[in-house]
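**Q** Sharing a model that was predicted from the sequence below.
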Amino acid sequence: MLELLPSCECCDVNLPPDATEARICSFECTFCATCADTVLQGVCPNCGGNFVPRPIRPVNKLTANPPSLRRMFKPDCA
């Protein structure tokens with residue numbers, strides 16, 4: 001199951017489950033579109049992979065499969 005992290009690892013902006021600006025790599029590292037595109041230039045600083053838009057979990061599935069509360073903030077991500 002995809003872990004929906006609640007924030008960007010680089011700037012700590014909130015990324016709720018329905019955030020269209022959330023980006024993930026193949027290891028589920030999570031960043032906002034601004035950081036992924038500009039600060040990181042499309043390359044994950046943790047694994048070197050690329051980013052894709054994070055899928056949006058349907059609202060009716062969030063009760064049984066809630067988003068994570070674990071924040072991964074790494075301000076030195078660039």
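**A** Noted; the coordinates are in hand.

**Q** Point out where the chain drops to low pLDDT.
**A** Residues of the chain meeting the criterion pLDDT under 70: 78.

**Q** any idea how far Glu21 lies from Pro67?
**A** For Glu21, the distance to Pro67 equals 15 Å [C-beta to C-beta, to the nearest Å]. In this view, the C-beta of every residue, glycine as well, is placed from N, C-alpha and C.

**Q** Then Leu40?
**A** From Leu40 to Pro67 the distance is 22 Å (C-beta to C-beta).

**Q** Of those two, which one has the most company?
**A** Using other C-beta atoms under 10 Å as the criterion, Leu40 and Pro67 rank with Leu40 on top: 20 against 16.

**Q** so that one sits right up against Asn50, yeah?
**A** No - counting by C-beta atoms under 8 Å, Leu40 stays clear of Asn50, with 10.1 Å between them.

**Q** right, and Pro55 touches Pro17 too?
**A** No - when contacts are counted by C-beta under 8 Å, Pro55 is not listed as touching Pro17 (9.7 Å).

**Q** Please identify which of the two sits among more neighbours.
**A** Taking other C-beta under 10 Å, Pro55 and Pro17 do not tie; Pro17 has more neighbours (19 against 11).

**Q** Now the more buried one: phi and psi?
**A** According to degrees, to the nearest 10, the main-chain angles of Pro17 amount to phi -60, psi -30.

**Q** what is the most centrally placed residue in the chain paired to in the beta sheet?
**A** Nearest to the mean C-alpha position of the chain, by C-alpha atoms, centre = their mean, lies Thr30 at 2.3 Å. Thr30 forms beta bridges with Ile24, as assigned by DSSP bridges.

**Q** can you give me the strands in the protein?
**A** 22-24, 30-32, 52-53 (DSSP state E).

**Q** out of these, which comes closest to Asp12?
**A** Nearest of the strands of the chain to Asp12, taken as C-beta to C-beta: strand 30-32 at 9.3 Å.
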